[in-house]
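>>> curious how this folds, go ahead:
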Amino acid sequence: MSIRHGLLALLEHGPRYGSQLRSEFESRTGATWPLNVGQVYTTLNRLERDGMVALNGEDEAGHALYVITEAGRTELKTWFETPVDRSSPPRDELAIKLAMAVGACGVDIRAVIQSQRHHTVKAMQDYTRLKAQALAAIENGGSQERDDVAWLLVLEQLIFQTEAEARWLDHCEVRLIRLSAAAGRGAGHPTAASAPAAPPQTPSSAPPAPPPATSHSASPSAHPWSP
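Purely as a prediction, here's the structure:
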């Protein structure tokens, strides 16, 4: 997350002080990535050092005001025009957990997958409810409509992300079942591999159904939206 560029984007709208920037940042993102005032002022100090913002007096309450400079506007324009780099993805705790669970002693990897899938689908449903609230706020209009639109875009990204994660978990479960079955056939008898025996058949796990057939796809609450 680029805090510095987020602050520059807010300063493009006029002078701001630190806690004001924090409030506006969290309003735009629905506090999905909360900031503390210390982070904001540390970032402002670095931006000032790099010539991208400058102090511009104080407001009536004595708050130090910051403004964006031409160098800051150039940096902001470059940020908007440059695609986010996906060639070096950030660490994903869930992917690492499943990778470490393969072959781990005493770990039922299918149980790990099912527990995570339950949590992921619940999160997706929660985000979907918040999306409905954001849409209602936009339809009602008001002075905060711009923030509501920004929050809506963030929510829809989170919905897509959790849906993709749930589908990937379904795929992992089917993959492990098939590999376990193939290993059993190769050895001439069932094996207790890292992937346990096939569970009772469901739409998401019954072979030979091709992945990714999500176990939550039949739930109206899992896909109540169409961005």
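>>> now do stretch 11-25: everything it contacts.
3, 6-7, 10, 35-37, 40-41, 44, 53, 56, 59, 63-68, 72-73, 76, 147 (C-beta atoms under 8 Å, 6 or more residues apart in numbering). For glycine as for every other residue, the C-beta is placed from the backbone atoms N, C-alpha and C.
>>> from residue 48, how far out is residue 89?
Note on residue 89: its distance to residue 48, by C-beta to C-beta, to the nearest Å, is 32 Å.
>>> what does residue 72 give?
Note on residue 72: its distance to residue 48, by C-beta to C-beta, is 10 Å.
>>> neighbour count winner among those two?
Under the criterion of other C-beta atoms under 10 Å, the comparison of residue 72 against residue 48 puts residue 72 first, with 25 against 15.
>>> may I have the helix or strand harbouring the more buried one as PDB, with CA atoms only?
Assigned by DSSP states H and E, residue 72 belongs to helix 70-81. The C-alpha trace of helix 70-81 is given here as PDB (Å, rounded to 0.1, in the frame of the first residue of the first chain):
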ATOM      1  CA  GLU A  70       5.100  20.600  -8.600                       C
ATOM      2  CA  ALA A  71       7.500  17.700  -7.900                       C
ATOM      3  CA  GLY A  72       4.700  16.100  -5.900                       C
ATOM      4  CA  ARG A  73       2.200  16.500  -8.800                       C
ATOM      5  CA  THR A  74       4.700  15.000 -11.200                       C
ATOM      6  CA  GLU A  75       5.200  12.000  -8.800                       C
ATOM      7  CA  LEU A  76       1.500  11.600  -8.400                       C
ATOM      8  CA  LYS A  77       0.900  11.700 -12.200                       C
ATOM      9  CA  THR A  78       3.600   9.100 -12.700                       C
ATOM     10  CA  TRP A  79       2.000   6.900 -10.100                       C
ATOM     11  CA  PHE A  80      -1.500   7.000 -11.700                       C
ATOM     12  CA  GLU A  81       0.000   6.300 -15.100                       C
END
